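*Asks:* predicted model, plus sequence, below.
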Amino acid sequence: MKRTAKNLSVMRTEESDKHLKIIMETGMDQSRATRYALKLTARIFLATWLDGHEERGRIPDFRVQYRVKR
């Protein structure tokens with residue numbers, strides 16, 4: 001089955017451009033970085049909902065803790 005490409009138009013802001021630029025530091029182009037950000041966000045939301053940390057459809061309130069490399 002052949003897939004038809006669909007375009008998505010999104011209003012860009014200074015903030016979204018800043019975020020996109022950070023993701024693109026990995027070597028991704030704008031399209032791939034945008035798709036990656038959408039996929040990552042969707043996975044985080046779904047995992048939060050399935051684990052019962054938040055009701056489905058609600059944006060999770062998550063805080064990230066990380067260790068500083070020494």
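*Replies:* Cool, the structure landed.
*Asks:* tell me the contacts of the spatially most central residue of the chain?
*Replies:* Closest to where the C-alpha atoms of the chain average out (CA atoms, centre = their mean) is residue 37, at 2.7 Å. Contact analysis of residue 37 by CB atoms under 8 Å, 6 or more residues apart in numbering lists 19, 20, 23. To be clear about C-beta, it is placed using only N, CA and C from the backbone, and glycine gets the same treatment.
*Asks:* what about burial for those, which qualify?
*Replies:* Burial by neighbour count, 16 or more other CB atoms under 10 Å: within the contacts of residue 37 this picks out residue 23.
*Asks:* tell me which of the contacts of residue 37 is nearest to residue 58?
*Replies:* residue 19 (21.9 Å; CB to CB).
*Asks:* ok, now which ones touch the closest one?
*Replies:* Here residue 19 is in contact with residue 37 (CB under 8 Å, 6+ apart).
*Asks:* need the mean per-residue confidence for stretch 56-70.
*Replies:* In this model, stretch 56-70 has a mean pLDDT of 78.
*Asks:* how long is it from one end to the other?
*Replies:* For stretch 56-70, the separation between the terminal residues is 38 Å (CA to CA, to the nearest Å).
*Asks:* roughly how far is that stretch from the heart of the chain?
*Replies:* Its chain's C-alpha centre and that of stretch 56-70 lie 13 Å apart, by CA atoms, centre = their mean, to the nearest Å.
*Asks:* again with stretch 47-60
*Replies:* The answer for stretch 47-60 is 16 Å, by CA atoms, centre = their mean.
*Asks:* would you indicate which residues of that stretch are buried?
*Replies:* Buried residues in stretch 47-60 (16+ other CB under 10 Å): residue 48.
*Asks:* flag every buried residue along the strand or helix carrying residue 23.
*Replies:* Using DSSP states H and E, residue 23 maps to helix 14-24. For helix 14-24, burial by neighbour count (16+ other CB under 10 Å) applies to residue 23.
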